[in-house]
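Peer 1: I'll drop the sequence and a predicted model, then ask my questions.
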Amino acid sequence: MSSLPLLRFRTNARTALYAGILASAMLICTTADATTTHKTPGRGRPTFHHAAHAGNAAVVVPPSSLPAPVALALARAHVPPSAMSVLVERAGSNKPVLELNSQLPMSPASTMKLVTTFSGLSLLGPDYRWKTSAYATGQVENGILHGKLYIVGTGDPKLVPEELIDLVQKIHAAGINGIDGSLVLDKHNFDVSTRDAGPYDEDVLAPYNVGPDPLLYAFKSLSFTLSPGHGNTIAIDSTPPLDKLTIVNDLHLTRGRCVGALVTPVITQNTDGSAQAVFSGKYPLTCGARETSSMAALDHSTFFGDGFLALWKQTGGTFQGNVGEGPTPADARQVAVHESPVLSEIVRDINKFSNNVMARNLFLTISEAAGHNPATLAGSAQQIEQFLHRNGLPMQDLVLENGSGLSHDERISATSMASLLQTANASPVAQAYIDSLPIVGVDGTMRHRLINSGVDGNAHIKTGTLRDVRAIAGYVGAANGDGYIVVSFINDPHAEEARAAHDALLEWVYNEAPKFEQTHAAAMIKTTAPAKAESVNQASQAQ
C-alpha cells in the first residue's frame, strides 16, 4: 500500500491556532444517499446512480461516475457532470480510483501555478535567489554621488519594503548618502513585450491584474490605513510609503454606526510622475482604524522609483535628480547587491496565497535563467514544455500563456495535472513543493474550508478561482494513512456555487477512497475469475 510520507502536520499546534474559527457550512446533503452501481462496459469502473431522499426531492441528480455527495452538490449548483473533470489516483500509481472527463483540456485557473512552481523549483533549484543590483557612474564627494545611480532588476517576486531597505542600506554603506543626478531603472532582463498584456478583466485597479516587471515592488499594490485621532482628525498612511504621493484628506468624522463599504480614495497620476490620493466623505468614529483594499493604481516604474526614494530619504539620503529608465553603461561600477529570499520561500507564497504577479515573474525568470535575455513569455513556455518532456510529461493538452492561471487561454487536463503531481511527489524538490501548498482548514486559500472535518489538516490542496472556474489539485492523506492525488476542474457559469462539490470530493477521498478501492478490486477479481478459467481451458484444448 502506497503512502504519502511527505504530508506532515502538527495537529496540536493547528488546533490551538484555529480554535476560535467556526466550521465552514457545507452545501452537501447530511443524510445518506441511496446508491447503486453498475460497470461501464470496457472501463471496469462503476457508475453511480443516486436516489435523493424526500428532503432533496427537488434536486435532480443525473447518473454519473461521481460519488453521491459530489453529484448532489453539483446538481444543487446547477452544474452538469459534463462541466466537471475529476481524477483521483493513489500516490505512486497512475491507475485511476475515480475518473470523469479526465482527458478533457479545461481552464485550471490558479492551479496552473503548480506547473510553473514545479518547473521553477526543478530548473532553478529551491535555493535560487534573485539579485537586484545598484551601479553608479560619476564621482562621490563627501558622500554625494555626482552622477547616475542605476538599479538593475532581474524579476525578484518579493521585493517588498523589508527587502528593498537592504539594498538602500548597502548603497549607504558604500559611501553614498546623496544623489546629485538621475535614478535610472534598468529593466532589460524582461522583454518589453511582457508589459503589453492587458488586464484579465475590466477591474484594472485590482492587484490580481498586476503584470510582471523586472523591478516589481511590493506587488505594485497600494493600500491606506485610516486612524481616527483626537478631535476630528483622521490620520492616513500609505503602504508602502511613496515619495511623490500626496494624500488629500477631506474626510469628516461622524458618530454614526460603522456600516457599508469603507471609503475608497480616488488616485490620479500626473505627467511629472507625482500622484494624488483624494479621500472625501464621512468616516464613522466607531469604525476605528481600518485598512483600505489594495489598489494597483500607478505604473511599475513610478511605483518602484517612488518606493525606493521614500526609503532612501527615510534613511537620511538626499536626491536632486529625476527618475527614468535606461540601460546600465558598461563602465558603471557595482556598489551594492540585494539577494531575494530563496525560491522555496517564494514558491510557498505563490501557492499558499495564489499570488498571480509573483507566479508571472517566476515564469519569466525560467527563460531568463536559461540564457534567453530578455525573457519572453514564449521562451518561458518553451523551457517548461521541454522540461516536462524530458521528465516523461509530454502534456499535449497543455496551453501556457503566463504561468499564473489568470488567463482566458491557459488549459490543461486533469490527467496531465495528476501526472505532474505524481512526478513532483517522487522528485528531489518534493518536500519544498508539497510544503508550498495550502493545508486544508489551516492556511493559505484553504484556511476557511472543511474546518473540523476529517480532511482538515490532512491535505495539501492548491485552489483555482476565476469567474466561471473552480479548481482543486494536490495531495490527500486518507484516514487510513494512504496517500492520494486529487485533481478536479469545474468550467461552468455556475462554478462559484459548485465549490461544495470539491469539498465533498476531498472528504470522500479522505474517508472513502481506500474502502472504495478495496471493494472495487474484490469485485473485479470476482468478475474476471471465470474468464481466466475459461482461457486456461481453451489453452489446454489447444495443446
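Peer 2: Right, received. Where do you want to start?

Peer 1: what are the ranges of the strands in the stretch 401-543 of the chain?
Peer 2: Taking DSSP state E, counting those that start in this stretch, the strands of the stretch 401-543 of the chain run over residues 459-466, 469-477, 483-491.

Peer 1: minimum distance to Ser82: which of the ones you listed has it?
Peer 2: strand 483-491 (9.8 Å; C-beta to C-beta). Where C-beta positions appear, they are placed from N, C-alpha and C, glycine not excepted.

Peer 1: in its sheet, which strands sit next to that closest one, and in what direction?
Peer 2: Partners of strand 483-491 in the sheet, by DSSP bridges, are strand 84-90 (antiparallel), strand 469-477 (antiparallel).

Peer 1: pLDDT averaged over the helix or strand where Ser122 lies, what's the number?
Peer 2: Element membership for Ser122 (DSSP states H and E) is helix 113-124. When pLDDT is averaged along helix 113-124, the result is 98.

Peer 1: what does whichever helix or strand comes after it contact?
Peer 2: Following helix 113-124 in sequence order, the next helix or strand is strand 131-136 (DSSP H and E). The contact list for strand 131-136 (C-beta atoms under 8 Å, 6 or more residues apart in numbering) reads 145, 147-154, 156, 159, 164, 167, 170-171, 176, 186, 215, 328, 332-340.

Peer 1: buried residues in whichever helix or strand comes after strand 131-136?
Peer 2: Later in the chain than strand 131-136, the nearest helix or strand by DSSP H and E is strand 139-141. In terms of neighbour count (16 or more other C-beta atoms under 10 Å), strand 139-141 has its buried residues at Val140.

Peer 1: and strand 139-141, what does it pack onto?
Peer 2: Counting contacts by 3 or more C-beta pairs under 8 Å, 6 or more residues apart in numbering; DSSP states H and E, strand 139-141 packs against strand 144-146.

Peer 1: packing partners of the strand it packs on?
Peer 2: In terms of contacts (3+ C-beta pairs under 8 Å, 6+ apart), strand 144-146 is packed against strand 139-141, strand 178-179.

Peer 1: alpha carbons of the next helix or strand along the chain from it, as CSV, please.
Peer 2: With elements assigned by DSSP H and E, the helix or strand that comes after strand 144-146 is strand 149-152. C-alpha atoms of strand 149-152 as CSV (Å, rounded to 0.1, in the frame of the first residue of the first chain):
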residue,chain,number,x,y,z
LEU,A,149,22.6,55.6,-9.8
TYR,A,150,21.3,52.6,-11.8
ILE,A,151,19.1,49.9,-10.3
VAL,A,152,19.1,46.6,-12.3
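
Peer 1: show the average pLDDT along strand 149-152.
Peer 2: Strand 149-152 carries an average pLDDT of 98.

Peer 1: who touches it?
Peer 2: Taking contacts as C-beta under 8 Å, 6+ apart, the residues outside strand 149-152 that touch it are 132-137, 167, 171, 176, 179, 181-186, 188-189, 215, 304, 308, 326, 328, 332, 335.

Peer 1: now those residues: which count as buried?
Peer 2: Applying a neighbour-count criterion of 16+ other C-beta under 10 Å, the buried members of the contacts of strand 149-152 are 132-137, 167, 171, 176, 179, 181-186, 188-189, 215, 304, 308, 328, 332, 335.

Peer 1: of these, which belong to helices?
Peer 2: Among the buried ones among the contacts of strand 149-152, the ones falling in helices (DSSP state H) are 167, 171, 304, 308.

Peer 1: can you tell which of the strands paired with strand 483-491 is closest to Leu114?
Peer 2: strand 469-477 (5.9 Å).

Peer 1: quick one: that closest one to strand 459-466, angle?
Peer 2: Put simply, strand 469-477 runs at 180 degrees to strand 459-466, going by axes from the mean of the first three to the mean of the last three C-alpha atoms, to 10 degrees.

Peer 1: any chance of CSV for the ones in helices among the buried ones among the contacts of strand 149-152, columns pLDDT and distance to Gly481?
Peer 2: Output for those, formatted as CSV (pLDDT from 0 to 100; distance: C-beta to C-beta, whole Å):
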residue, pLDDT, distance to Gly481
Leu167, 98, 47
Ile171, 98, 54
Phe304, 98, 49
Phe308, 98, 51
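
Peer 1: which pair of those residues spans the longest distance?
Peer 2: Between any two of these, the greatest separation by C-beta to C-beta is 14.8 Å, found for Ile171 and Phe304.

Peer 1: how about residues contacting the helix holding Ser122?
Peer 2: Residues outside helix 113-124 that contact it (C-beta under 8 Å, 6+ apart) are 128, 343-344, 347, 350-351, 354, 359, 362-363, 365-366, 369-370, 383-384, 387-388, 391, 398, 400, 403-405, 412, 417, 420-421, 423-424, 427-429, 432-433, 436, 462, 473-474.

Peer 1: residues touching the residue sitting nearest the centre point of the chain, list them.
Peer 2: Residue closest to the mean C-alpha point of the chain, counted by C-alpha atoms, centre = their mean, is Ser354 at 2.0 Å. With contact set as C-beta under 8 Å, 6+ apart, Ser354 has these partners: 110, 113, 444-445, 462-465.

Peer 1: tell me the one of the residues you listed nearest His520?
Peer 2: Among those, Lys462 lies closest to His520 (C-beta to C-beta), at 27.5 Å.

Peer 1: picking up where we left off before, turn the strands of the stretch 401-543 of the chain into TSV, including mean pLDDT and mean neighbour count.
Peer 2: Formatted as TSV, these follow (pLDDT from 0 to 100; neighbours: other C-beta atoms under 10 Å):
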stretch	mean pLDDT	mean neighbour count
strand 459-466	98	25
strand 469-477	98	26
strand 483-491	98	27
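
Peer 1: Thr376: which of the ones you listed is closest?
Peer 2: Here strand 459-466 is closest among the strands of the stretch 401-543 of the chain (C-beta to C-beta), at 24.4 Å.

Peer 1: what helix or strand is Glu368 located in?
Peer 2: helix 356-369.

Peer 1: after that helix, next one along is what?
Peer 2: Next along from helix 356-369, by DSSP H and E: helix 377-390.

Peer 1: got the angle for that following helix vs helix 113-124?
Peer 2: Helix 377-390 runs at 80 degrees relative to helix 113-124, counting by the same axes, to 10 degrees.

Peer 1: look at the residue nearest to the centre of the chain and report its pLDDT.
Peer 2: Confidence at Ser354, expressed as pLDDT, is 98.

Peer 1: kindly report the same for Thr264.
Peer 2: On pLDDT, Thr264 comes in at 89.

Peer 1: list the contacts of the spatially closest residue to it that is not a sequence neighbour.
Peer 2: Once flanking residues are discounted, Thr264 sits nearest to Thr292: 6.4 Å by C-beta to C-beta, 6 or more residues apart in numbering. Residues near Thr292 by C-beta under 8 Å, 6+ apart: 223-226, 262-265.

Peer 1: just the buried ones from those?
Peer 2: The neighbour count (16+ other C-beta under 10 Å) marks 224, 226, 263, 265 as buried among the contacts of Thr292.

Peer 1: pretty sure the last one contacts Thr225?
Peer 2: Just to be clear, that refers to Pro265. No: the pair Pro265 / Thr225 is not scored as a contact, 12.0 Å apart, by C-beta atoms under 8 Å.

Peer 1: quick one, helices of this protein?
Peer 2: Along the chain, counting by DSSP H, helices occupy 11-17, 68-76, 113-124, 161-173, 300-314, 343-353, 356-369, 377-390, 414-425, 430-435, 499-511, 513-542.
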